[in-house]
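Trainee: Build the 3D model from these lines:
(2 chains)
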Amino acid sequence: MKKIISGNEAIALGFTDAGGVFASGYPGTPSTETLEEVARLGEVYCEWAANEKVALEAAIGASIAGGRSLATMKHVGVNVAADALLTLSYTGVNAGLILMVADDPGMHSSQNEQDSRNYARFAKVPLLDPADSQDAYDMVRAGFEISERFDTPVMLRTTTRISHAKGVVVPGEKLAPRIGDWQKEVPKYVMLPNFARQRHVVVEERMLALREFAETTPLNRVEMRDTELGIVTSGVAYQHAREAFPNASILKLGLAHPLPERKIREFAGSVRKLVVVEEMDGIFEEQIRAMGIEVAVGKDKLPLCGEINADLLRAALDGGEVAAPAPVEGLPQRPPVFCPSCAHRGLFTILSKLKVFVSGDIGCYTLGALPPMGAMHSVIDMGASISAAHGMAKVNTIAGRAQKPVAVIGDSTFFHSGMTGLLSMAFNGGDALVIIMDNRTTGMTGGQENPGTGRTLEGQPTRQVEMVPLVKALGIDNVFELNTYDLAATEAAIKKGLETPGPYVLIDRNPCILRYRIRKPAMTVDQEKCTGCRACLKVACMALGLTATGEKPKVRIDPNVCNGCGVCGQMCKFDAMHEIEGANNANL
Amino acid sequence: MPIFNIVIAGVGGQGVLMASRVLAESALASGLDVKQNEVHGMAQRGGSVISFVRIGEEVASPVVTPGTADLLISFEPLEALRYIHYLKPAGRLVYNRVPINPSTVASGLAVYPPDVEQQIAAICPEAKGVEALSIAREAGNGKAVNMVMVGTVMKHLPLDEEVITEVVKQVSKDKGVEVNLKALAGGAAA
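Mentor: Next up, the predicted model:
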């Protein structure tokens, strides 16, 4: 039956319908919903891993044991998993294995916009590039077939506009879970140098076979229309090209690595002008030019940064400007913000006040870098907060600067790859203050389970790791709990941590109010007592606003938004804020 | 039929995605092709949200480009102004008149433009403001603003009102069916 589903949901359904047995991943926008949907469908085993490398390694094990397997992650996660991926290319698979990776052109929620097609070339594995939800569904099945036929992992790459765009899907025939024999093949799966040398030859032979396959597979489709203009494209760029030039002939590359050279030559020979349309890097263009084929328009006219769209294509090919109206300028921005009563608010209010250098990490708390907090000064990648703070502290010591850096990290990020940084800091006699915001969820991606939540992705109760003993086990003696809703206590605890030599860890254990749906009585402002000093506005809460414009308007609280954490009240020297009494309180 | 482009704007938590889903499912139920796409991720709550719904016999790109929207539905006045350049010259704009402060305003770093409705009218004289929050409350729940907004644009869509009503019934959770249908009707009458 026809249904409207996102690319991520289509991959999950495709996996469930294509004999999938095991799936693992780490949440990361825009890939997250794939595993959540596998769990919701409830037919195939799935789990969140501590990080992407662990997820891929578990999928490799599942494949060796005979189960069709899937690993999911976002583009930057492949950097974490790359060590496993590049050797997996050598071992190949037993049952089919798909690595689903979601790129984020335009960086809607990412720290860079790397093009994962480069990884397919680097790792010498085939890459499928779906152009809509139906493609995404179909390519899971095609991916397993390719994986098993050519003994290779297959990368299934999406972008934000594939993963999160919803389109119509007609599901195919449903297969039963495929479980084959558990393979004991030492020279294939034990990558000692002697065996690996032989496997590298196999990898190169496999690439030649895949090149031949690319020539004939229907995944690479020629749509002949007007021969004036021929477009080579893939993924969502195909849809933009169809929209911008409905009469153009198109070579749609569903298998985007390796490329079908003869097919491209034939297509180029059948059109007057050949254009390559691809988002981000000029990967097809570079290879097609290297074949000696003339490309009339490519990355000389199309951007290397950000997303493309139909207007931009028309402007690039017709030589004009984008003729779209300009947005209204000077409007107040509406950036994402800590939820009302989020535990992060108190922490960053104090860090901002203390003016310390804060080495940050990836999660909701990264928003602490934005105004008015401005209390985070570096964010590199998952887990880097602690290791970077360690490096900063060492240089400060060498330079004779008495400035202890503060690292802020969430629980899921700590489990992902913060733990190794902390272990290294303890081992090397580091001197940073580490604050773990343990809100018992993976907040930024929507509240996923992690080793601290006590539940698996499938909703089963499981062992719940305790943060304090874990941190002690990594070699940290000074470990204390923190309550960031209490500003005075938070300030005192941070000061103590900054004054005490050596590694020092504070753990806030207040849970995520959004994930755990925590409701508290709303607050109000006594207009008699409020002087309009605006001290409370430093906490950057959506519930707070001014009563009027002008010099000293008073502050009011929107009771529909306020969730009663009381942090703003602690900023008030005039005792103007209090709970709305009894039955009048909308939150009670 | 030519492709009908809809842009829905609002603030994280207002139900923009649910409204988009109703329109997309209604298109499918009408035998049309549809693509729906939104940007979310960073914003759990309180950030600016924009969603595209494209309806037609065959829809390729999931993205509405500026200057091509037939209809802009905004759940908040400032967000209407932020995305008004998506409208095509004869495009229609319906917005909820109830403002929500961005964090930049709440923290005193920026001022909510006092003349936001005049600015909207200057660019799009036919724009229609709706008191969606009070209509939603009358229907039984202030959170049904999204269904009120769907109601306000029903007659302008290339879809039958009966089909949309049926889809709202299907996608609402048990307790919400009655409220959502009232909100939809309230919006249609506004």
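Trainee: only C-alpha atoms for contact and neighbour calcs from this point on.
Mentor: OK.
Trainee: Span of stretch A:323-340 from start to end?
Mentor: 41 Å (C-alpha to C-alpha, to the nearest Å).
Trainee: residues of it that come out buried?
Mentor: A:324, A:331-340 (16 or more other C-alpha atoms under 10 Å in any protein chain shown).
Trainee: okay, residue 116: pLDDT?
Mentor: Going with chain A. We have a pLDDT of 98 for A:Ser116.
Trainee: other chain: chain B
Mentor: 96.
Trainee: OK, contacts around it?
Mentor: B:77-78, B:81 (C-alpha atoms under 8 Å, 6 or more residues apart in numbering or on different chains).
Trainee: If you average pLDDT per helix and strand, which one of chain B comes out bottom?
Mentor: Sorting the helices and strands of chain B by mean pLDDT, DSSP states H and E puts helix B:103-106 at the bottom, at a mean of 81.
Trainee: Can you list the neighbours in contact with that helix?
Mentor: Counting by C-alpha under 8 Å, 6+ apart, A:332-335, A:337, A:371-372, A:537, A:540-546, B:46, B:110-112 sit against helix B:103-106.
Trainee: mind redoing it with 7 Å?
Mentor: Contact with helix B:103-106 is made by A:332-334, A:337, A:537, A:540-542, A:544-545, B:110-112, as judged by C-alpha atoms under 7 Å, 6 or more residues apart in numbering or on different chains.
Trainee: who wins for neighbours among the contacts of B:Val116?
Mentor: B:Leu78 (33 neighbours; other C-alpha atoms under 10 Å in any protein chain shown).
Trainee: Now it: closest residue in space that isn't a chain neighbour?
Mentor: B:Val116 (6.5 Å; C-alpha to C-alpha, 6 or more residues apart in numbering or on different chains).
Trainee: Which residue ranges of chain B form strands?
Mentor: With DSSP state E, the ranges of strands along chain B come out as B:4-11, B:33-39, B:48-56, B:69-74, B:87-96, B:128-130.
Trainee: Which residue, other than its chain neighbours, is closest to B:Val39?
Mentor: B:Ile50 (6.1 Å).
Trainee: Tell me, how many residues neighbour the one you found?
Mentor: Count around B:Ile50 with other C-alpha under 10 Å applied: 21.
Trainee: what do you get for B:Pro114?
Mentor: Using other C-alpha under 10 Å: B:Pro114 sits among 9 other residues.
Trainee: Is stretch A:19-28 in proximity to chain B?
Mentor: No: Stretch A:19-28 is not in contact with chain B by C-alpha under 7 Å from any C-alpha of the partner chain; minimum separation 9.1 Å.
Trainee: So for that stretch, mean pLDDT?
Mentor: 98.
Trainee: now stretch A:312-320
Mentor: Looking at stretch A:312-320 alone, the average pLDDT works out to 87.
Trainee: For B:Thr65, give its distance to A:Val154.
Mentor: Counting by C-alpha to C-alpha, the gap from B:Thr65 to A:Val154 is 33 Å.
Trainee: Neighbour count for the two, which is higher?
Mentor: Taking neighbours as other C-alpha under 10 Å, B:Thr65 and A:Val154 compare with A:Val154 leading, 30 against 20.
Trainee: any idea what sits nearest the more buried one, other than its immediate chain neighbours?
Mentor: Closest to A:Val154 by C-alpha to C-alpha, 6+ apart is A:Ile98, at 4.9 Å.
Trainee: Partner strands of the helix or strand where that neighbour lies and their direction?
Mentor: Under the criterion of DSSP states H and E, A:Ile98 resides in strand A:97-103. With DSSP bridges as the test, strand A:97-103 is paired with strand A:69-74 (parallel), strand A:154-159 (parallel).
Trainee: starting at the chain centroid, how far to the first one?
Mentor: Put plainly, it is strand A:69-74. Strand A:69-74 has its C-alpha centroid displaced from the chain centroid by 12 Å (C-alpha atoms, centre = their mean, to the nearest Å).
Trainee: Residues of chain B that sit close to chain A?
Mentor: Taking C-alpha under 7 Å from any C-alpha, the part of chain B that reaches chain A is made up of B:25, B:34-38, B:41-43, B:45-48, B:60-62, B:65-67, B:81-83, B:85, B:101-104, B:106-108, B:110-112.
Trainee: if we can go back for a sec, and the contacts of helix B:103-106 as CSV, adding pLDDT, distance to A:Glu113 and secondary structure?
Mentor: CSV is the format used below for the contacts of helix B:103-106 (pLDDT from 0 to 100; distance: C-alpha to C-alpha, whole Å; DSSP: H, G, I helix; E, B strand; the rest coil):
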residue, pLDDT, distance to A:Glu113, secondary structure
A:Pro332, 91, 27, coil
A:Gln333, 87, 23, coil
A:Arg334, 87, 23, coil
A:Val337, 82, 23, coil
A:Leu537, 91, 34, helix
A:Ala540, 87, 29, coil
A:Cys541, 89, 30, coil
A:Met542, 85, 30, coil
A:Leu544, 89, 35, strand
A:Gly545, 86, 36, strand
B:Ala110, 84, 30, coil
B:Val111, 85, 33, coil
B:Tyr112, 88, 33, coil
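Trainee: Would you mind giving those residues as JSON lines with distance to A:Leu312 added?
Mentor: Compiled in JSON lines, the contacts of helix B:103-106 are given as follows (distance: C-alpha to C-alpha, whole Å):
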{"residue": "A:Pro332", "distance to A:Leu312": "27"}
{"residue": "A:Gln333", "distance to A:Leu312": "25"}
{"residue": "A:Arg334", "distance to A:Leu312": "26"}
{"residue": "A:Val337", "distance to A:Leu312": "32"}
{"residue": "A:Leu537", "distance to A:Leu312": "41"}
{"residue": "A:Ala540", "distance to A:Leu312": "37"}
{"residue": "A:Cys541", "distance to A:Leu312": "38"}
{"residue": "A:Met542", "distance to A:Leu312": "36"}
{"residue": "A:Leu544", "distance to A:Leu312": "41"}
{"residue": "A:Gly545", "distance to A:Leu312": "40"}
{"residue": "B:Ala110", "distance to A:Leu312": "32"}
{"residue": "B:Val111", "distance to A:Leu312": "34"}
{"residue": "B:Tyr112", "distance to A:Leu312": "32"}
